[in-house]
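Undergrad: fold the following for me, if possible:
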Amino acid sequence: MSVAPLDFSPPRPLSCAEAPAAAASGTPRARIGVLIPAYNEARSIKLVLAEIPAGLVQEVVVVDNASTDNTAAAARAGGATVVTENRPGYGSACLAGLAYYAAQAAGQAPEILVFLDGDHSDYPEQMPALLAPILRGEADMVIGSRALGQREKGALLPQQRFGNWLATRLLRLRYGGTHTDLGPFRAIRSEALRQLGMADTTYGWTVEMQVKAARQGLAVVEVPVSYRRRIGTSKVSGTVKGTLGAGYKILWTIFKYW
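TA: Numbering: from 1, shown residues only. Take a look at the predicted model:
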């Protein structure tokens, strides 16, 4: 199976008209929550929060993963609920956010959860495109594919592109489907997410979700999303140690369930 060619052209301006809003006529309404794991993202988190479409989501939770800067204060100033998780790891932060949502009363907890990063590399205004297949009853989970969308030059480093290509190729080989990305920008029905029994506390989180979804036969689709250079230096791909560690964990997770 061929892989979509990589595109390095600058992203075009985004339009929510290209992605039906959740409140559009004829589209069911749903309680939607957003979960943003964040570590030392004080410079970017308010920008991310400001770009989430107004009126679309019920609550935005930023999980401050033991930041040493003012991430928590900036997130609160941007209108988010802040949950603190001192155990390091992307997955640890996500699990803490899920625990917060799970504690909400029936009828108040979100029916759909959206995950995105706090470094301003994703485009929150494309959230309606992510939600549309779920709201139409066509999918349990939707992955925002950077491989299918437009990317700012330099947004994905060579090691990220290679690792993403290798991991998604392995997923297609083992489970079929059309996996093209392990990107963090994704939406999933809350009940489907509970059924997955997520456990990874590191950067294997996203691939664990995709592997378990495939094994359980969830309806998973991809939609193109744009991607830009992050604000600040990546804690993973920005160092050799971080890149190797994340790559190892992703491959380990794939073969764990092989």
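Undergrad: confidence score at Asn70?
TA: With respect to pLDDT, Asn70 scores 97.
Undergrad: residues touching it, list them.
TA: Contact partners of Asn70, counting by C-beta atoms under 8 Å, 6 or more residues apart in numbering, are Ala42. C-betas here are computed from N, CA, C, even on glycine.
Undergrad: repeat that with 10 Å
TA: Applying C-beta atoms under 10 Å, 6 or more residues apart in numbering to Asn70 gives the contacts Asn40, Glu41, Ala42, Arg43, Ile45, Asp64, Arg76, Ala77.
Undergrad: just put these in TSV and tack on neighbour count and distance to Lys249.
TA: Formatted as TSV, those follow (neighbours: other C-beta atoms under 10 Å; distance: C-beta to C-beta, whole Å):
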residue	neighbour count	distance to Lys249
Asn40	20	20
Glu41	29	21
Ala42	20	26
Arg43	15	26
Ile45	32	25
Asp64	30	22
Arg76	17	31
Ala77	12	33
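Undergrad: now, those that are in helices?
TA: Assigned to helices by DSSP state H, the following of the contacts of Asn70 qualify: Ile45, Arg76, Ala77.
Undergrad: so the nearest residue to Ala38 once chain neighbours are set aside, which state does it fall into?
TA: Of all residues not flanking Ala38 in the chain, Gly118 sits nearest, at 3.7 Å (C-beta to C-beta, 6 or more residues apart in numbering). Under DSSP: H, G, I helix; E, B strand; the rest coil, the three-state class of Gly118 is coil.
Undergrad: likewise Leu156?
TA: Secondary structure, three-state DSSP: Leu156 is coil.
Undergrad: kindly report the same for Thr201.
TA: coil.
Undergrad: can I assume Val34 is in contact with Gly79?
TA: No - Val34 lies out of contact with Gly79 (C-beta atoms under 10 Å); the separation is 11.1 Å.
Undergrad: one step back: from the ones in helices among the contacts of Asn70, pick the one nearest Val223.
TA: Ile45 (24.1 Å; C-beta to C-beta).
Undergrad: Provide a list of residues in contact with the closest one.
TA: 36, 38, 62, 64, 67, 69-78, 80, 82, 117-120, 231.
Undergrad: show me where the chain has strands.
TA: According to DSSP state E, the chain carries its strands in the segments 32-38, 59-64, 81-84, 112-115, 141-145, 186-189, 220-224.
Undergrad: TSV for those, including distance to Ala246?
TA: Below are those laid out as TSV (distance: least, C-beta to C-beta, whole Å):
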stretch	distance to Ala246
strand 32-38	14
strand 59-64	18
strand 81-84	23
strand 112-115	17
strand 141-145	18
strand 186-189	17
strand 220-224	21
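Undergrad: closest to Asp200 out of the ones you listed?
TA: Smallest distance to Asp200 across the strands of the chain (C-beta to C-beta): 12.4 Å, for strand 32-38.
Undergrad: between the closest one and strand 59-64, how big is the angle?
TA: Inter-element angle recorded for strand 32-38 and strand 59-64: 10 degrees (by axes from the mean of the first three to the mean of the last three C-alpha atoms, to 10 degrees).
Undergrad: so what strands line up beside strand 32-38?
TA: Strand 32-38 has its sheet partners listed here by DSSP bridges as strand 59-64 (parallel), strand 112-115 (parallel).
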